[in-house]
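Enquirer: Got a sequence here, can you model it:
(one chain, ligands or ions: 1)
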Amino acid sequence: MLVSAKEMLTKAKAGHYAVGQFNINNLEWTKAILLTAQELQSPVILGVSEGAGKYMCGYTTVVGMVNGMINELGITVPVALHLDHGSYEGAKKCIEAGFSSVMFDGSHYPIEENIAKTRELVELTGKLGLSLEAEVGAIGGEEDGVVGSGEVADPEECKMIADLGVTMLAAGIGNIHGKYPENWAGLSFDTLDAIQQLTGDMPLVLHGGTGIPADMIKKAISLGVSKINVNTECQLAFAAATRKYIEEGKDQSGKGFDPRKLLAPGFDAIKETVKEKMELFGSIGKA
Ligand code: 13P
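Expert: Predicted coordinates for the structure are as follows:
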């Protein structure tokens, strides 16, 4: 059964570790993440961007696939199905479709509008027992065609949004989606510290988890980060493993590639990546 992310994140914040959000794009991705979480007894959050939702034939298809897998694979660890960087309309659609958690990313609106829309969604998700992530200060890089430049959030604005009663808060602290450029200035820990001081027990979310050095991840967790999002690293691992398999020319018996065999190395590569991240985030055995 899908659960809200609230309890797992409250425990993570109190226990000084972070729960990984791994984005899903298809059946193999989803199965690899769920099986790894179960094997390692870790709570997990499956992230779905609006683009990935469309690709997978809409939110109800995603809910059906994930619920079916939880059932068929005997998954007993806490799993939240979470809309990643949702629009206001997208968040409402996911709530109707049966997601257990949504992110409303109002960071590109003026703060008053971000507050007004987030407040409405706090009410709606609160009534249904779902978790809600809000965002202040756009995360840099490209996410589904939307390009941001890596802002640093204003801690006072973070407090305003946290006080609305959201479950978790994503605040830009110089983090970027995708690969970090060579001249990246690193995370702004002063900002993170100031945000945590003003928002208290609120679990903070670090987007752009790909390529952040391990010492920075650990420091971010020590300063209140309880959820870390990873997408690109799984994509890179999947692509590299699939490319290697094709280049080695296995399974070319004149019939082409059996899709189940073709996707198997990528599936294993995602499992390995998720395991490494869960080790680094400290969530193993915390289910
Ligand atoms: P990366 O693609 O950089 O891992 O970021 C993922 C993310 O933050 C999804 O919201």
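Enquirer: Just after the helix or strand hosting Leu81, pick out the following helix or strand.
Expert: According to DSSP states H and E, Leu81 maps onto strand 79-86. Once the chain leaves strand 79-86, the next helix or strand it forms, by DSSP H and E, is helix 88-97.
Enquirer: list the buried ones in that next one?
Expert: For helix 88-97, the neighbour count (16 or more other CB atoms under 10 Å) marks 90-95, 97 as buried. C-beta here means a position set from N, CA and C on the backbone, and glycine is covered the same way.
Enquirer: could the residues you listed go into TSV alongside distance to Gly64 and pLDDT?
Expert: Output for the buried residues of helix 88-97, formatted as TSV (distance: CB to CB, whole Å; pLDDT from 0 to 100):
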residue	distance to Gly64	pLDDT
Gly90	18	98
Ala91	19	98
Lys92	19	98
Lys93	15	98
Cys94	13	98
Ile95	16	98
Ala97	9	98
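Enquirer: Dump the residues you listed to CSV, plus distance to Leu40.
Expert: Rendered in CSV, the data for the buried residues of helix 88-97 read as follows (distance: CB to CB, whole Å):
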residue, distance to Leu40
Gly90, 31
Ala91, 30
Lys92, 34
Lys93, 32
Cys94, 27
Ile95, 29
Ala97, 28
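Enquirer: Between those, which sits nearest the ligand?
Expert: Gly90 (13.6 Å; CB to the nearest ligand atom).
Enquirer: wait, isn't the closest one in contact with Leu83?
Expert: Yes - contact criterion CB atoms under 8 Å: Gly90 and Leu83 qualify, at 6.2 Å.
Enquirer: what residues are shared contacts of those two?
Expert: 50, 53 (CB atoms under 8 Å, 6 or more residues apart in numbering).
Enquirer: ok, now which ones touch Leu130?
Expert: 4, 95, 99-102.
Enquirer: That one and Glu151: what is the separation?
Expert: 27 Å (CB to CB, to the nearest Å).
Enquirer: What of Ile70?
Expert: Noted for Ile70: a distance of 36 Å to Glu151, by CB to CB.
Enquirer: just to revisit the earlier point, intersect the buried residues of helix 88-97 with the contacts of the ligand.
Expert: Among the buried residues of helix 88-97, no residue is within reach of the ligand (CB under 6 Å from any ligand atom).
Enquirer: Which one of those is nearest to Leu198?
Expert: Nearest to Leu198, judged by CB to CB, of the buried residues of helix 88-97 is Ala91 at 24.9 Å.
Enquirer: where does this structure have low pLDDT?
Expert: 140-150, 251-254 (pLDDT under 70).
Enquirer: Spell out which residues of it are next to the ligand.
Expert: 23, 47, 84-85, 177-178, 207-210, 229-233.
Enquirer: Please name every helix or strand in contact with whichever strand or helix holds Leu34.
Expert: Leu34 belongs to helix 27-40 when elements are defined using DSSP H and E. In terms of contacts (3 or more CB pairs under 8 Å, 6 or more residues apart in numbering; DSSP states H and E), helix 27-40 is packed against strand 19-23, strand 44-49, helix 59-72, helix 264-281.
Enquirer: Please spell out which residues along that helix are buried.
Expert: 28-38, 40.
Enquirer: can you check stretch 180-194 too?
Expert: Those would be 180, 187-188, 191-194, for stretch 180-194 by 16+ other CB under 10 Å.
Enquirer: Same check on stretch 61-68?
Expert: 62-63, 65-66.
Enquirer: again, but for stretch 169-181
Expert: The neighbour-count check on stretch 169-181 (16+ other CB under 10 Å) flags 169-178, 180 as buried.
Enquirer: Please report the distance of the closest residue to Gly74 other than its chain neighbours from the ligand.
Expert: Sequence neighbours aside, Gln38 is the residue nearest to Gly74 in space, at 7.6 Å (criterion: CB to CB, 6 or more residues apart in numbering). Separation of Gln38 from the ligand (CB to the nearest ligand atom, to the nearest Å) stands at 22 Å.
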